[in-house]
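J.: Here's my sequence, what's the structure:
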Amino acid sequence: MNTKYIFVTGGVVSGLGKGITAASLGRLLKNRGYKVTIQKFDPYINVDPGTMNPYEHGEVFVTNDGAETDLDLGHYERFINENLTKNSSITMGKIYSEVIEKERKGEYLGKTVQVIPHITNQIKEKIYGFENTDTDIVISEIGGTVGDIEGLSIIEAIRQVGLEKNPEDVCFIHVTLLPYIFGSNEIKSKPTQHSVKELQSYGIKPDILVCRTEQDIPENIREKLALFCNVRKTSVIQNKTADCLYAVPLMLEKEGLAREVCNHLRLDRYVPENSKWEAMIEKIRKIDKTNKVRIAIVGKYIKLEDSYISVIESVKHAGFANDIETEIELIDSEKITKDTKKELLKNFQGIIVPGGFGSRGIEGKIEAIKYARENKIPFLGICLGMQMAVVEYARNVLKISDANSAEFNENTDTQVIHIMEDQKGIDKKGGTMRLGAYPCIVKEGTLAKKVYKTNQISERHRHRFEYNNIYKEKLEKEGLICSGNSPDGKLVEIVEIPQEKHPYFIAVQFHPEFKSRPDAPAPLFVGLVKAAKEKICI
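T.: Numbering: from 1, shown residues only. The predicted structure follows:
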């Protein structure tokens, strides 16, 4: 079978759910037995999102191979349950960098380097990169909205793909908005018509329209869209807001999205095997909504929920596994002080301190950790949260008042978190981080072993600073156990307080949220929600 290509573009406004549409379609095609991969093209000039403030584009999602990517890759992985790579995240910054590097090396033989063909060819190289692999279908989501000036070269590249490949091997899906006017009680199709007209002006005729709407689409509107947008009526797909994010694939299945794609691409595996996904959604819907555990995420980027989207979804996954509703609240760490922490945190059965960079809000995170430790509130620290847990323990249990991380105070004599000697020179030249999946050996007889049920794990990292082993003996003697280490024993990956002293206090150097799936939740989150559930049942 020839490799099939599906391109998902967006129109009218951003934030319509192109990523969820692409991820849902990937799940439906995978359920038909196809090997599916998904990639994201972002039009911005940053080489990757790694240096962006989370308020710009939400969290930075890290793949197994260490790529810092757009958060949509998290959605893709959670829906299709495939580990993606750096090849699934492409920005225009990366494309331009590669083209300029080729030009500097003389690979263009002195030619004038232009957007067409050199930039567009580089984009197509990324699209065609999955050929001659075991991938059957490549779904490419195009970031931004049609008409954005920075995304025009991507649109031109996918137009060329449509010409270079057989018509039955390429499918264009356009995600658009059908606004509802309450005053006149009607859905308006004109914004979608204009968006499709814009796309057609660049030489692309959409094969399928996925229409975001809060109301059912009347037949006359479907007919109008089909007529004026030059698509079949059956290819006008309704996409309403679902009661559960993970129910979207089944909703789009019912609406006929996968059917239309299969018809257009002439795919012969027509009948899906959705039973496992259906059983999962049925289980989720049966959870008693009146019985809830409240989980606080104490962070510093709380104005944009997408800054912690993988952590939030991981808590939800853990709720599914524990058959309990999870109520999640983002708490601004800058507002937490010695005097305010009790009032802000007293109504939660679990506390998470997630990752982050920079000194803002750090003391609030430390106070939140202290509150969780002293009041025996189930606690999970992630990356920076683990580092601050070590700092908090050193300050308040070991009574080392100036204990800190080298990230925030290079001059302190007590750097319980530091940069390892062999990284110091590199770090000052621009920074080197531990990125991607690394193995960890889990110590017998610990909470970590109880949670993971195995002696060796692999989790994804994104950090520069490490636990300082000079303080390991003192911290362990006072009850903060190192329960997970790198295979060579040099790097501490997990710290915890034994369960006889605290119901659930564990903190990790890595990011377990990046590997959590709705049907295979991350063990550390499952353990946190389980401990929180037991707390409300006391």
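
J.: quick one, phi psi at R78?
T.: phi -70, psi -30 (degrees, to the nearest 10).

J.: Surely it and A23 touch.
T.: Yes: if you go by C-beta atoms under 8 Å, R78 and A23 touch, sitting 7.3 Å apart. Backbone N, C-alpha and C define where each C-beta goes, glycine included.

J.: the more surrounded of those two?
T.: Taking neighbours as other C-beta atoms under 10 Å, R78 and A23 compare with A23 leading, 28 against 24.

J.: can you tell me which helix in the chain is longest?
T.: Longest helix of the chain, by residue count under DSSP state H: helix 523-537.

J.: just wondering, since we're on the residue nearest the centre of the chain, how far is it from K376?
T.: Centroid-nearest residue in the chain: G74, 2.9 Å away (criterion: C-alpha atoms, centre = their mean). Separation of G74 from K376 (C-beta to C-beta, to the nearest Å) stands at 32 Å.

J.: ok, L384 - contacts?
T.: 353-357, 365, 463 (C-beta atoms under 8 Å, 6 or more residues apart in numbering).

J.: Just the element for E444, please.
T.: For E444, there is no helix or strand it lies in under DSSP states H and E.

J.: Put the alpha carbons of stretch 382-389 into CSV.
T.: Taking Å, rounded to 0.1, in the frame of the first residue of the first chain, the C-alpha atoms of stretch 382-389 are listed here in CSV:
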residue,chain,number,x,y,z
ILE,A,382,7.8,16.7,39.5
CYS,A,383,11.2,17.9,38.3
LEU,A,384,11.5,21.4,40.0
GLY,A,385,9.0,20.1,42.5
MET,A,386,11.4,17.3,43.4
GLN,A,387,14.3,19.7,43.7
MET,A,388,12.3,22.0,46.0
ALA,A,389,11.2,19.1,48.1
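
J.: Now find how far off-centre it is within its chain.
T.: 20 Å (C-alpha atoms, centre = their mean, to the nearest Å).

J.: ok, then the element right after the lowest-mean-pLDDT helix or strand in the chain?
T.: Least confident helix or strand, the chain: helix 424-428 with a mean of 44, by mean pLDDT, DSSP states H and E. Tracing the chain C-terminally past helix 424-428 and defining elements by DSSP H and E, one meets strand 434-442 next.

J.: If you count contacts, what does the helix or strand that that next one is followed by end up packed against?
T.: Of the helices and strands lying after strand 434-442 in sequence (DSSP H and E), the nearest is helix 447-452. Applying 3 or more C-beta pairs under 8 Å, 6 or more residues apart in numbering; DSSP states H and E, we find helix 447-452 packed against strand 434-442, strand 481-485, strand 492-497, strand 505-508, helix 523-537.

J.: Quick one: distance of the shortest one to the chain centre.
T.: It refers to strand 505-508. With C-alpha atoms, centre = their mean, you get 21 Å for strand 505-508.

J.: And for the longest one?
T.: From the chain centre to the centre of helix 523-537 is a distance of 23 Å (C-alpha atoms, centre = their mean).

J.: now for that helix, which elements pack on it?
T.: Applying 3+ C-beta pairs under 8 Å, 6+ apart, we find helix 523-537 packed against strand 292-299, helix 309-321, strand 350-353, strand 379-382, helix 447-452, strand 505-508.

J.: as a whole number, average confidence for that helix?
T.: Helix 523-537 shows a mean pLDDT of 92 in the predicted model.

J.: May I see the buried residues of that helix?
T.: 523-533, 535 (16 or more other C-beta atoms under 10 Å).

J.: swap in stretch 125-143?
T.: 126-127, 129-130, 135-143.

J.: right, and out of these, which lies closest to G319?
T.: Of all the buried residues of stretch 125-143, the one with the least separation from G319 (C-beta to C-beta) is E141, at 27.8 Å.

J.: how close does the closest residue to S310 other than its chain neighbours get to L265?
T.: Using C-beta to C-beta, 6 or more residues apart in numbering and skipping residues adjacent in sequence, the residue nearest S310 is E513, 4.0 Å away. Separation of E513 from L265 (C-beta to C-beta): 34 Å.

J.: Specify which residue of these two has the higher count of neighbours.
T.: Using other C-beta under 10 Å, the more surrounded residue of E513 and L265 is E513, with 29 against 24.

J.: Might you list the low-confidence residue ranges for the chain?
T.: 421-431, 537-538 (pLDDT under 70).

J.: and I137, what does it touch?
T.: I137 is in contact with 3-6, 29, 34-37, 265, counting by C-beta under 8 Å, 6+ apart.

J.: let's see 7 Å
T.: 4, 6, 29, 34, 36 (C-beta atoms under 7 Å, 6 or more residues apart in numbering).

J.: Next: I324.
T.: I324 neighbours (C-beta under 7 Å, 6+ apart): 287, 291-293, 529, 533.

J.: swap in M386?
T.: 495, 507-509.

J.: so what's the residue lying closest to P49 once chain neighbours are set aside up against?
T.: Closest residue to P49 apart from its sequence neighbours, by C-beta to C-beta, 6+ apart: V60 at 5.0 Å. V60 sits next to 49-50, 68 when contact means C-beta under 7 Å, 6+ apart.

J.: filter these to the buried ones?
T.: If we count by 16+ other C-beta under 10 Å, the contacts of V60 have these buried: 49, 68.

J.: Can you redo the contacts of V60 as a markdown table, where the extra columns are distance to E253 and secondary structure?
T.: As requested, these are exported to a markdown table (distance: C-beta to C-beta, whole Å; DSSP: H, G, I helix; E, B strand; the rest coil):
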| residue | distance to E253 | secondary structure |
| --- | --- | --- |
| P49 | 31 | helix |
| G50 | 36 | helix |
| E68 | 33 | strand |
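
J.: Turn the contacts of V60 into CSV, columns for distance to V451.
T.: Putting the contacts of V60 into CSV (distance: C-beta to C-beta, whole Å) gives the following:
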residue, distance to V451
P49, 30
G50, 29
E68, 27
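
J.: wait, which of the contacts of V60 is closest to I155?
T.: Once C-beta to C-beta is applied, the member of those that ends up nearest I155 is P49, at 21.2 Å.

J.: ok, the closest one - contacts?
T.: P49 neighbours (C-beta under 7 Å, 6+ apart): 57, 60, 68-70.

J.: Could you rerun that using 6 Å?
T.: By C-beta atoms under 6 Å, 6 or more residues apart in numbering, P49 lies in contact with 57, 60, 68, 70.

J.: ok, now which ones touch the third one?
T.: Contacts for E68 were tallied using C-beta under 6 Å, 6+ apart; they are 48-50, 60, 62.
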